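Engineer: fold the following for me, if possible:
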Amino acid sequence: MVSCLELPYGNIQTTEKLGGLVRACRKEQQVMQAELAALSSVSMRFISDLENGKQAIELGKTLHVLQCLGLDTAVTPHN
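Structural biologist: Below is the predicted model of the structure:
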């Protein structure tokens with residue numbers, strides 16, 4: 001089985017896809033939402049909203065959650 005941390009995810013263009021990635025990585029690491037929230041210094045509600053693809057979430061908090069999961073972010077121009 002390939003780890004969610006070993007693959008590039010390509011273009012994530014929707015909040016739903018980003019949320020799905022967060023959920024998959026969290027579950028693969030066997031971390032509960034409450035644990036990730038505490039580790040990331042955000043609320044459980046924020047983690048739930050993020051994983052469910054809520055469109056109005058704070059970017060800074062989102063980036064911090066991604067870092068806590070061991071994920072890097074990159075922005076590239078369209079080809």
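Engineer: ends of stretch 33-51, how far apart?
Structural biologist: Length of stretch 33-51, first residue to last, Cα to Cα, to the nearest Å: 10 Å.
Engineer: chain center to it, what's the gap?
Structural biologist: Taking Cα atoms, centre = their mean, to the nearest Å, one finds the center of stretch 33-51 at 10 Å from the center of the full chain.
Engineer: touching that stretch from outside, list them.
Structural biologist: Applying Cβ atoms under 8 Å, 6 or more residues apart in numbering, the external contacts of stretch 33-51 come out as 18-20, 22-23, 26, 31, 57-58, 61-62, 64-65, 68-69. Placement of C-beta: from N, CA and C, glycine included.
Engineer: buried sites along that stretch?
Structural biologist: By 16 or more other Cβ atoms under 10 Å, the buried positions in stretch 33-51 come out as 33, 36-37, 40, 42, 46-47, 49-51.
Engineer: and what of stretch 55-73?
Structural biologist: Across stretch 55-73, burial judged by 16+ other Cβ under 10 Å covers 57, 61-62, 65-66, 68-69.
Engineer: quick one: mean pLDDT for it?
Structural biologist: In this model, stretch 55-73 has a mean pLDDT of 95.
Engineer: check stretch 17-26 too.
Structural biologist: Stretch 17-26 shows a mean pLDDT of 93.
Engineer: secondary structure element for the residue nearest to the spatial centre of the chain?
Structural biologist: Nearest to the mean C-alpha position of the chain, by Cα atoms, centre = their mean, lies Val22 at 3.1 Å. For Val22, the enclosing helix or strand under DSSP states H and E is helix 15-28.
Engineer: quick one: the helix or strand following that helix to helix 15-28, angle?
Structural biologist: Per DSSP H and E, helix 15-28 leads on to helix 33-40 as the next helix or strand towards the C-terminus. Here helix 33-40 points in a direction 100 degrees away from that of helix 15-28 (axes from the mean of the first three to the mean of the last three Cα atoms, to 10 degrees).
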